[in-house]
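Colleague: Here is a sequence together with a model predicted from it:
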Amino acid sequence: MTKQTHAFQAEVKQILHLVTHSLYSNKEIFLRELVSNASDACDKLRFEALDNAALWEDAPNLEVRVSFDEAARTLTISDNGIGMSAEEAAAHLGTIAKSGTREFMAKLEGDQKKDAQLIGQFGVGFYSGFIVADKITVETRRAGLAADQGVRWTSEGTGEYEIETITKAGRGTDVILHLREGEEEFLKTWRVKSTISKYSDHISLPILMKKETWDAEAAKQVVTDEWEPVNKASALWSRSKSEITQEQYEEFYKQISHDTEAPLAYTHNRVEGRSEYTQLLYIPAKAPFDLWNRDKRGGVKLYVKRVFIMDDAEALMPVYLRFVKGVIDSADLPLNVSRELLQESRDVRAIREGSTKRVLGMLESLANSEDEAERAKYAAFWKDFGQVLKEGIGEDHANQERLAKLFRFASTHADEGVSLADYVSRMKEGQEAVYYITADSLAAAKHSPQLEIFRKKGIEVLLLVDRVDEWMLSHLYEFEGKPLQSVAKGAIDLGKLQDEEEKKKAEEVAESLKPLLDKLKESLKDRAKDVRVTTRLVDSPACIVVEEGDVSGHLARLLKQAGQQAPESKPTLEINAEHALVKKLDGSSHFDDLAQVLFDQAVLAEGGHLEDPAAYVKRVNALLIG
C-alpha cells in the first residue's frame with residue numbers, strides 16, 4: 001500500500017483540538033496511557049497465543065521499551081505485543097467507536113483546564129500523546145503477519161493522518177512522539193523513570209529503559225546500550241499486603257480506573273478453599289459518567305495465574321455492583337476459558353458470590369462504623385451510588401437482607417440517612433407496619449395530603465423519591481418481620497394506633513354522608529372507582545388513593561415517561577368530612593363543577609398531571625366569579 005491520506009472522524013478532530021489546546025494540569029498522564037496500551041497489547045498476544053502458539057514468532061519474552069533521542073526530540077514507547085494490521089490501525093487510530101465521546105468533550109469544554117486523566121476514562125488514551133507531541137508516528141505489525149505487512153501511521157494531530165505499508169521485522173507497536181517545544185523534560189531519564197514508577201510500577205511485565213552511567217571524563221550521566229527494568233514487574237495484587245503502602249494501592253486504583261480521586265474503600269484478600277483466587281477490589285469515591293448504563297460491563301479484570309484473560313468481566317460481579325473496580329486472579333480456571341464458558345462455570349459462580357459478599361462487607365463496615373468520618377464516607381457513597389445498589393434487591397435474593405440494611409431514605413423525621421433499622425427502632429407502640437410514600441420529588445412527598453394523619457399522630461413515614469424505588473418495592477415486602485405499607489394505597493388502617501372512639505366516629509360520619517358520597521360517585525363515575533370518607537386527612541379536603549395491588553400514580557407516570565403503557569385503573573377519591581369545601585358541596589348549585597375541581601386538586605396534590613388543564617382553570621374561574 002502506497003502512502004494514503006485520510007481525514008479523521010469528526011469527533012476525533014474535536015477531541016484532538018481539545019487535547020492539544022486544553023489539557024495542561026497533568027501532562028505526564030500521557031505516558032501512563034501509552035505504557036498501559038502497550039501492556040494491554042502484550043496481554044492480548046498472550047491470550048491469543050493460547051490457541052495459536054505461532055503468534056509468539058521468535059520472541060517469547062513480552063516487554064515494553066521506553067527510549068528517547070535528544071537530538072531528534074523523540075520519545076518512543078515500544079512493545080512486542082499483538083500489534084495491528086493496516087485495517088486495525090485505521091480503525092483504532094482514526095476513529096472512536098466508543099460511546100461517551102460527547103460526554104468527554106462536554107466535560108472538557110465546560111472547564112478548559114480539566115485534568116488530563118479524563119482521557120483514560122473515555123477510552124481515548126492514545127490521543128493523550130498529543131498533549132506533549134506535535135506529531136506522532138506509529139509503526140506496527142500484527143503478530144502472525146509477514147514482515148512486509150507492517151504499517152506506518154503518522155499524524156500531526158490536526159485533521160488528517162497518513163498510513164502506508166512498511167517492512168517491520170518484529171511484531172508489535174512503536175509509538176514515536178515528536179515532542180513540541182517546551183516539553184524537553186520528557187527527554188530526561190530521571191523524569192521518564194519517575195513517571196513510570198509512579199503510574200506503572202505494578203505492570204506484570206518488564207518496562208525497560210537504557211541504563212545510565214556516570215562518565216567521569218565528561219563529568220555527566222551518559223546513556224549506555226544496556227537495557228534495564230524500571231518497574232517492579234510484579235502484579236501488585238500478588239504481593240503481600242504488608243509490602244504494599246496505601247499510596248501504592250491508591251495509585252494502582254487510579255491506573256486501572258482512570259479516576260482522579262483515591263478510592264472510598266478497598267479490600268485485598270487471598271481466598272482458599274474449593275476455589276482459590278486473589279481479589280483486589282475498590283469502591284470509587286465518585287460515580288463514573290456511565291453509571292446508569294446497565295449494558296456497560298463491570299470494572300473487574302480477570303487474570304488466571306497472572307495471565308490476563310479479559311477486561312470488564314461482568315460474570316464476576318452482579319450488575320448492581322458494576323461500579324466496583326479491581327482485579328481477580330484465579331488459580332483454578334482453565335487458561336483457555338471462553339466468555340460463554342465463564343458465565344456457566346461453577347468456580348466463577350463461587351468467585352462472584354465471594355466477591356459480592358466482600359464488597360457488601362466493605363459497605364457494612366463504613367455504614368456501621370463508630371467513627372463519624374467513616375459513616376460520613378458511607379453517606380457520600382449512598383448519595384452517588386444508592387440508586388444502583390437498590391437494583392440489587394430484585395437481582396440478588398441471597399443478599400436481600402444485607403442490602404436492605406444498607407439502604408438509606410428520607411423520612412418525615414429526617415431529610416436523608418434513615419435506615420430501615422433506624423425506622424423500626426423508632427416505631428410507635430402498637431405500630432405494625434413500616435409506612436412509606438412514593439413521589440416525584442422530596443417536596444411533593446413531604447406535602448402529600450396522605451401524610452396528614454401520620455404527622456398528627458407523630459408516626460414516621462419513609463419518603464421514597466428515586467425512580468428505582470417503585471421497582472425496589474415490588475421485591476422488598478418486609479423488614480425484620482414488619483411489612484412495608486404504602487400510605488397511598490387502600491383504606492387507611494392504623495390498627496392499634498387508632499382508638500375505638502375514632503373508629504366509631506368515622507363509621508358514623510360515613511353513614512351520615514352516604515347520600516353525598518353517592519352523588520359524588522355519580523358525578524365522578526368516569527374518573528373515580530369509588531368515593532369514601534377518610535380519617536387520613538386533617539387539613540386537605542380530599543386525596544386520591546389506589547387499591548392494594550393497583551399501580552400507583554407515581555409508577556404510572558414513570559411508565560408513561562418511559563414510553564410504556566401503564567395498566568388502566570381508576571383511583572379512589574377520599575374526602576375529609578370536616579373540611580369546609582366538602583361541607584359546601586352539599587346543596588351547592590355548582591355541585592358537579594365543585595366535584596370535578598375537588599378531584600383535580602387531589603390529582604395535583606399527589607403530583608399527577610391533569611388530562612385537561614384548561615377545563616380545570618375554566619371551572620375554577622367560574623366558581624371564583626360566581
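Modeller: The structure has been received and is ready for your questions.

Colleague: OK, contacts around Leu610?
Modeller: Neighbour list for Leu610: Asp600, Val603, Leu604, Tyr616 [criterion: C-beta atoms under 8 Å, 6 or more residues apart in numbering]. Any C-beta I mention is one placed from the backbone N, CA and C, and that applies to glycine too.

Colleague: can you pick the most crowded of those residues?
Modeller: Of all the contacts of Leu610, the highest neighbour tally under other C-beta atoms under 10 Å goes to Asp600, namely 22 neighbours.

Colleague: so it sits in a strand?
Modeller: No: when classified by DSSP: H, G, I helix; E, B strand; the rest coil, Asp600 is found to be helix rather than part of a strand.

Colleague: measure it to Val582 for me?
Modeller: As defined by C-beta to C-beta, to the nearest Å, Asp600 lies at a distance of 15 Å from Val582.

Colleague: Same question for Thr412.
Modeller: Shown here: Thr412 relative to Val582, a distance of 25 Å by C-beta to C-beta.

Colleague: can you check Ile492 too?
Modeller: As for Ile492, its distance to Val582 is 17 Å (criterion: C-beta to C-beta).

Colleague: Same check on Val319?
Modeller: Here Val319 is placed at a distance of 49 Å from Val582 (C-beta to C-beta).

Colleague: Give me the more crowded residue out of the two.
Modeller: Set side by side, Val319 and Val582 show unequal neighbour counts under other C-beta under 10 Å, the larger going to Val582 at 20 against 16.

Colleague: doesn't Ala542 make contact with that one?
Modeller: Yes: taking C-beta atoms under 8 Å as the contact criterion, Val582 and Ala542 are neighbours in contact, 7.3 Å apart.

Colleague: Overlap in contacts, the two.
Modeller: Common contacts of Val582 and Ala542 (C-beta under 8 Å, 6+ apart): Ile575, Asn576, Leu598.

Colleague: Enumerate every residue touching the first one.
Modeller: Same thing as Ile575. With contacts taken as C-beta under 8 Å, 6+ apart, Ile575 has the following neighbours: Leu517, Leu520, Val531, Arg532, Val533, Thr534, Leu537, Pro541, Ala542, Val582, Leu598.

Colleague: what does the second one give?
Modeller: Each residue near Asn576 by C-beta under 8 Å, 6+ apart is listed here: Val533, Thr534, Leu537, Val538, Ser540, Pro541, Ala542, Val582.

Colleague: Let me see the contact set for the residue most central in space within the chain.
Modeller: When the chain is reduced to its mean C-alpha position, the closest residue under C-alpha atoms, centre = their mean turns out to be Leu291, at 2.1 Å. If you count contacts by C-beta under 8 Å, 6+ apart, Leu291 has them with Arg322, Phe323, Asp384, Phe385, Val388.

Colleague: doesn't Tyr320 make contact with the last one?
Modeller: Yes: at 5.8 Å, Val388 counts as touching Tyr320 under the criterion of C-beta under 8 Å.

Colleague: Which residue of these two possesses the greater neighbour count?
Modeller: Under the criterion of other C-beta under 10 Å, the comparison of Val388 against Tyr320 puts Tyr320 first, with 22 against 18.
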